[in-house]
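J.: 3D, please:
(one chain, ligands or ions: 1)
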Amino acid sequence: MMKPNLGEYTISSTGDILAKKNQPIRIEFSNPDATPHNLVLVQPDSLREVGLAANEMAKDPNAARDGQFIPASKKIITHTKMLKQGETEVLRFKAPRKPGVYPYLCSFPGHWTIMKGNLIVK
Ligand SMILES: [Cu+2]
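T.: Numbers count the residues shown, from 1 in each chain. Sure, this is the predicted structure:
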């Protein structure tokens with residue numbers, strides 16, 4: 001399971017991450033799972049587009065060997081690398097300047113339908 005350790009911002013009762021626009025955000029992302037996972041933050045309303053593009057990459061032998069599964073998409077704002085079991089990455093970025101609902105997902109093919117959430121910028 002993806003279990004971001006969320007240090008410097010608020011998590012609502014629904015599990016969403018709440019941030020103010022342009023607020024510095026730090027996510028410490030650890031993967032305790034045997035399956036690789038990452039965290040990819042995308043533009044509003046593009047969860048499905050990026051998720052499906054990542055699924056498509058599973059059919060490409062080069063992409064599969066590389067194992068990162070980050071589609072070439074302008075909809076991606078920031079992302080961690082694909083973390084193997086026991087690895088941790090600290091992701092630092094500024095919340096978008098435009099208020100909105102910014103989905104995040106794991107782009108390992110097939111994971112995005114359940115491994116997802118929202119960064120809500122107010
Ligand atoms: Cu995953």
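
J.: CA atoms for contacts and neighbours, from now on please.
T.: OK.

J.: Spell out which residues of this structure are next to the ion.
T.: Contact residues (Cα under 5 Å from the ion) of the chain with the ion: 37, 106, 111.

J.: now, which of these sits nearest residue 68?
T.: residue 37 (9.2 Å; Cα to Cα).

J.: What count of nearby residues applies to that closest one?
T.: For residue 37, the count of nearby residues is 29 (other Cα atoms under 10 Å).

J.: Touching, it and residue 84? I think so.
T.: Yes: between residue 37 and residue 84 there is a contact at 7.0 Å, judged by Cα atoms under 8 Å.

J.: which neighbours do these two share?
T.: residue 31 (Cα atoms under 8 Å, 6 or more residues apart in numbering).

J.: Any idea what the residue of the chain found nearest the ion is bridged to?
T.: Closest contact between the chain and the ion, by Cα to the ion, is at residue 37 (3.7 Å). Using DSSP bridges, the bridge partners assigned to residue 37 are residue 83.

J.: quick one, what contacts it?
T.: 2, 31, 82, 83, 84, 106, 107, 108.

J.: most surrounded residue in those residues?
T.: Each of those was scored by neighbour count (other Cα under 10 Å); the top score is that of residue 107, with 30 neighbours.

J.: what sits against that one?
T.: Here residue 107 is in contact with 37, 38, 39, 40, 50, 51, 54, 55, 69, 70 (Cα under 8 Å, 6+ apart).

J.: Redo those residues as JSON lines? Include pLDDT, secondary structure and distance to residue 27.
T.: Below are the contacts of residue 107 laid out as JSON lines (pLDDT from 0 to 100; DSSP: H, G, I helix; E, B strand; the rest coil; distance: Cα to Cα, whole Å):
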{"residue": "37", "pLDDT": "91", "secondary structure": "strand", "distance to residue 27": "14"}
{"residue": "38", "pLDDT": "92", "secondary structure": "coil", "distance to residue 27": "12"}
{"residue": "39", "pLDDT": "92", "secondary structure": "coil", "distance to residue 27": "10"}
{"residue": "40", "pLDDT": "95", "secondary structure": "strand", "distance to residue 27": "12"}
{"residue": "50", "pLDDT": "98", "secondary structure": "helix", "distance to residue 27": "21"}
{"residue": "51", "pLDDT": "97", "secondary structure": "helix", "distance to residue 27": "21"}
{"residue": "54", "pLDDT": "97", "secondary structure": "helix", "distance to residue 27": "22"}
{"residue": "55", "pLDDT": "96", "secondary structure": "helix", "distance to residue 27": "25"}
{"residue": "69", "pLDDT": "96", "secondary structure": "coil", "distance to residue 27": "20"}
{"residue": "70", "pLDDT": "97", "secondary structure": "coil", "distance to residue 27": "19"}
